[in-house]
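> The following block contains a protein sequence and its predicted model.
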There are 2 protein chains.
Amino acid sequence: MIRSVFFVSDSTGVTAEGLGNSLLSQFGDITFRKNTEPYIDELDKAAALVDRINQAAEEDGQSPIIIDTIVNDDIRKIIAASKGFTIDIFGSFLAPLEQELGTHSSYSVGKSRPHAESEAYSNRMQAVHYALDADDGAKLNQYESADIILFGVSRSGKTPTCLYLGLQYGIYAANYPITEEDLESNQLPRALRAHKDKLFGLTIDPGRLSAIRQERRANSRYSSLIQCEDEVRQAEMMLRKHGITSINTTHFSVEEIAARILSETHISRRT
Amino acid sequence: MIRSVFFVSDSTGVTAEGLGNSLLSQFGDITFRKNTEPYIDELDKAAALVDRINQAAEEDGQSPIIIDTIVNDDIRKIIAASKGFTIDIFGSFLAPLEQELGTHSSYSVGKSRPHAESEAYSNRMQAVHYALDADDGAKLNQYESADIILFGVSRSGKTPTCLYLGLQYGIYAANYPITEEDLESNQLPRALRAHKDKLFGLTIDPGRLSAIRQERRANSRYSSLIQCEDEVRQAEMMLRKHGITSINTTHFSVEEIAARILSETHISRRT
């Protein structure tokens, strides 16, 4: 059984998608046909969308699910009059919030968008560029301005996590790619000694690491299980020896790795 | 007047933060003291959080606002019994969705997390690494596998947008950094001619570009208004001449640029 779903937003649709996917993931026995409809910020766009929703209703023989984060009341009413079943986020929560806060909502489209000229946004972009510049230890003197330095073997998740920490939270995250010499010496690499308090380790199960590396360089020494086992064992030994906090990334997405790092280290967001 | 806010989640808290910030941004006259509380996935963690919420209630002299995306009923009930005012996302919407869908929700913690071993997640990570490898035209032959190639002057937003398109949607986005020679010739760069249908232009107001470049290299020719004006004018001429769709990124965040690109081009997400 297939159900059409429409994530409807007057902005990017990222919040509607995120929340909608969370809700729908609780219904594992149903297959959803998902559509994201961003920038529904005018009455005629809403009317055109209603036509598509009603068409899907006819084709499916049942009501499409609508997850709706539209702020404007008039636009929302048009969507609500479609043949869809509407989960109306702002409609459900703004009125009780108004009452609790004792003030009126502005009901303004655009207020909820990340503001491209705000300081918080500028911090995020600078942190992304920082992560790129500092990637793979390219400029070691950049560790001075790092909020955190991720430490782990190749493909343990360092680079995507650094980028995500910058993009989502404005955090300056650098990473140190451990070399074979580092691993054999069991000494903290020279470039890191002055920044030991910023180090955070990422480790990973060797089997999973080998599978990830296969995607990059199939049938190489680099991706072989034995090589992955050696590197991970040595890296974990180094983490323990120097008392560096770490997490095992095997079953975690970048979103989860980032959230767990924040929750372990109490680094402040710059947003 | 300051109100404490708690974004409470059994997972990363990204959805609770996103939705919560959208809702709260509608109340511009109130200052919120925001706390994100991820991984509240056990009864004792919930009880400890309730203590902190009640302490904030006492200090503020009013109820903290709680934006809650917890799935588990028992944990949610503990939070709801705090002195906070709860916006309960799953509690509000799961029961009506169950009724509409004619089936029971699994109410399972973890179901809504991006699954690190899923194909969708693997696509996202591969797309991030693709964006990094293809950044600034480093490997021109990678344009073959690009879903889209962003085209614009330095600091028009190409790189963060490519990374975001990869991270959020699993889209393979490359970018081409226009050189001064390209601009003067008004010819489409050789490397791009075979991929004209994948090109998408990013343009920007020269004043804003100059301000962004100042942050990178202050008082340089690169960041001067006159240089920015010249480059933008020539780049826009090239976009027009070759009929390349483009957007002006001046007032847009990466989230918005990405959503608008998807909505203009109808590229499919790989997620």
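Sure, I can see it.
> need the contact list for A:Asp29.
Neighbour list for A:Asp29: B:Thr103 [criterion: Cβ atoms under 8 Å, 6 or more residues apart in numbering or on different chains]. Using the backbone N, CA and C atoms, a C-beta is placed for each residue, glycine as well.
> In the stretch 101-250 of chain A, where is pLDDT below threshold?
A:108-114, A:136-140 (pLDDT under 70).
> ok, which stretches of it are strands?
Ranges of strands within the stretch 101-250 of chain A are A:148-152, A:173-177, A:199-203, A:246-248, based on DSSP state E, counting those that start in this stretch.
> what does the second one contact?
By that I understand strand A:173-177. Identification of contacts with strand A:173-177 by Cβ under 8 Å, 6+ apart yields A:127, A:130-131, A:134-137, A:142-143, A:146-152, A:154, A:158-159, A:161-162, A:165-166, A:189, A:191-192, A:199.
> Near chain B, list only the ones from those.
Contacts with chain B within the contacts of strand A:173-177, as defined by Cβ under 8 Å from any Cβ of the partner chain: A:Asp135, A:Thr159.
> Of the contacts of strand A:173-177, grab the buried ones for PyMOL.
In PyMOL, a selection of the buried entries from the contacts of strand A:173-177 looks like this (16 or more other Cβ atoms under 10 Å in any protein chain shown):
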select buried, chain A and resi 127+130+131+134+135+137+142+143+146+147+148+149+150+151+152+154+158+159+161+162+165+166+189+192+199
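> Between the strands of the stretch 101-250 of chain A, which one is closest to A:His115.
Of all the strands of the stretch 101-250 of chain A, strand A:173-177 sits nearest to A:His115, with 23.0 Å by Cβ to Cβ.
> Give me the sheet partners of the closest one and which way each runs.
strand A:148-152 (parallel) (DSSP bridges).
> ok, A:Asp60 - how many residues close by?
Residues within reach of A:Asp60, counting by other Cβ atoms under 10 Å in any protein chain shown, total 14.
> was I right about it contacting A:Met1?
No. Checked against Cβ atoms under 8 Å, the pair A:Asp60 and A:Met1 is beyond contact range at 9.0 Å.
> distance of A:Ser156 from A:Arg193?
A:Ser156 sits 21 Å away from A:Arg193, going by Cβ to Cβ, to the nearest Å.
> Please say which of these two ends up with more neighbours.
A:Ser156 (28 against 10).
> what's near enough to touch that one?
By Cβ under 8 Å, 6+ apart, the neighbours of A:Ser156 are A:Leu202, A:Thr203, A:Ile204, A:Leu209, A:Thr249.
> redo that, cut-off 10 Å
A:150, A:175, A:177-178, A:201-204, A:208-209, A:212, A:231-232, A:235, A:246, A:248-250, A:257 (Cβ atoms under 10 Å, 6 or more residues apart in numbering or on different chains).
> Could you do A:Leu19 as well?
By Cβ under 10 Å, 6+ apart, the neighbours of A:Leu19 are A:7, A:67, A:69, A:87, A:89, B:15-16, B:18-19, B:22, B:69, B:89-90, B:93, B:112.
> which two in these are spaced the farthest apart?
Among the contacts of A:Leu19, the pair separated by the greatest distance (Cβ to Cβ) is B:Ser22 and B:Ser112, at 18.0 Å.
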